[in-house]
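In: pasted the sequence and its predicted model underneath.
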Amino acid sequence: MNTHIRNVLIVFGVIILTLFTVGLIQQNTTTNTTTPQVQTINPDELKTEFQRIAALPYEQYKCRERSDLLFEYIHKHDPTSPVYTVSIAHNQDNYCHVFVLYKGYAYDPTSIPPLYNQSMDKYEQNLRIWGFTGMRVSTGYDGGT
């Protein structure tokens with residue numbers, strides 16, 4: 001009879017330990033799950049980075065290089081928003097200009113003066129004045145994760 005009681009107690013002990021362990025594991029997996037954090041860009045840091053890129057020497061950093069640097073910075077710090085580099089052809093010469101389109105606003109670190117967060121309507125006027133009315137090619141991200 002003693003062995004029978006001992007076996008029953010051992011089985012109960014194993015069942016209780018198993019239930020307790022499974023309960024702890026279940027509790028840890030439900031409390032440790034987190035929703036992904038949405039990154040947003042700090043406007044002051046964006047402006048500082050824009051100014052740093054705009055000040056780079058033109059001989060080494062023309063419009064393509066500067067726009068790519070700004071594009072990568074924006075996409076790294078705000079991967080859920082739409083951001084593109086836009087290349088537009090000049091109407092008389094055989095070259096293009098590149099700028100960044102972020103959330104529907106133009107960022108042109110190569111123009112003089114550099115144009116920061118300019119509405120596309122106003123930027124379109126500038127492009128026409130400068131003779132950039134040719135074909136446009138955009139590459140980038142539509143947003144989302």
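Out: Perfect, I can see it now.

In: quick one, domains of the protein?
Out: Taking automatic domain parsing as the reference, the chain has its domains at 1-33, 43-141.

In: please identify the most buried of these.
Out: Ranked by mean neighbour count, the domains of the chain are led by domain 43-141 with a mean of 16 (mean count of other CB atoms under 10 Å). (Each C-beta comes from the backbone N, C-alpha and C, glycine too.)

In: quick one, helices of the chain?
Out: Along the chain, counting by DSSP state H, helices occupy 2-31, 43-54, 63-77, 120-130.

In: weakest of those in terms of mean pLDDT?
Out: Of all the helices of the chain, mean pLDDT reaches its minimum on helix 2-31 (a mean of 53).

In: quick one, phi psi at the residue nearest the centre of the chain?
Out: By CA atoms, centre = their mean, the chain has its centre lying nearest to Pro79, at 2.0 Å. Pro79 has phi and psi values of phi -70, psi -10 when expressed as degrees, to the nearest 10.

In: do Leu56 as well
Out: Dihedral pair for Leu56: phi -60, psi 150, per degrees, to the nearest 10.
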